[in-house]
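>>> Fold the stuff below for me.
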Amino acid sequence: QVQLVESGGGLVQAGGSLRLSCVVSGRTFSSYAMGWFRQAPGAEREFVATISGGSAITTDYVDSVKGRFTISRDNAKSMVYLQMNSLKPEDTAVYYCAAGRAGGTSRMRVGYAYWGQGTQVTVSS
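The predicted structure follows:
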């Protein structure tokens, strides 16, 4: 049984930082892409960042977080991280970790086979 568990969310003032973590169990980790999505109240779940699996690592970000967020992974620990800096109130959402169906990156929800339960990030102005 594949499980993804996120942690690291919380309340932070605008301009602050948070680091989200996600640990994956029940599946070979290093070969598959990983992603972060977020869902604000009343909005659809949207892509935030993705990192490829395998040896040649590539990353991709939604334009609104480029230069502020960094996705990374530690294959030895089966973990993926999202470092979020210069946070803005519009970053407020539930953030979800997702495990890809293949090694390549994807911005699409259908590209991910497994999802975590989400962690709340609230940025106050």
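
>>> Double-check residue 124 against residue 11; I have them as touching.
Yes - the pair residue 124 / residue 11 is scored as a contact, 6.6 Å apart, by CB atoms under 8 Å. The C-beta positions use only the backbone N, C-alpha and C, and glycine is treated the same way.

>>> Spatially central residue in this protein, please.
Computing the C-alpha centroid of the chain and ranking residues by CA atoms, centre = their mean puts residue 36 first, at 2.3 Å.

>>> Are we agreed that it is in a helix?
No - secondary structure of residue 36 (DSSP: H, G, I helix; E, B strand; the rest coil): strand, not part of a helix.

>>> Distance check, it against residue 125.
Distance from residue 36 to residue 125, counting by CB to CB, to the nearest Å: 23 Å.

>>> try residue 34
Taking CB to CB, one finds residue 34 at 30 Å from residue 125.

>>> who touches the residue nearest to the centre of the chain in this structure?
20, 22, 48-50, 71, 80, 82, 95-98 (CB atoms under 8 Å, 6 or more residues apart in numbering).

>>> One more: residue 103?
Residue 103 neighbours (CB under 8 Å, 6+ apart): 31-33, 52-54.

>>> can I get those residues in a markdown table with pLDDT?
Shown next, in a markdown table, are those (pLDDT from 0 to 100):
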| residue | pLDDT |
| --- | --- |
| 31 | 94 |
| 32 | 96 |
| 33 | 98 |
| 52 | 97 |
| 53 | 96 |
| 54 | 91 |
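
>>> Filter the residues you listed down to the buried ones, ChimeraX style.
Burial among the contacts of residue 103 is assessed by 16 or more other CB atoms under 10 Å; the matching ChimeraX selection reads:
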select :32,33,52,53
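
>>> Tell me how many other residues crowd residue 42.
5 (other CB atoms under 10 Å).

>>> check contacts around it.
Listed by CB under 8 Å, 6+ apart, residue 42 has no contact partners.

>>> Mind telling me what element it is part of?
Under DSSP states H and E, no helix or strand contains residue 42.

>>> Before we move on, what's the pLDDT of it?
In this model, residue 42 is scored at 95, pLDDT.

>>> Please apply the same query to residue 73.
Reading off the model, residue 73 has pLDDT 98.

>>> Can you give me the distance of it to residue 39?
Residue 73 is 22 Å from residue 39, by CB to CB.
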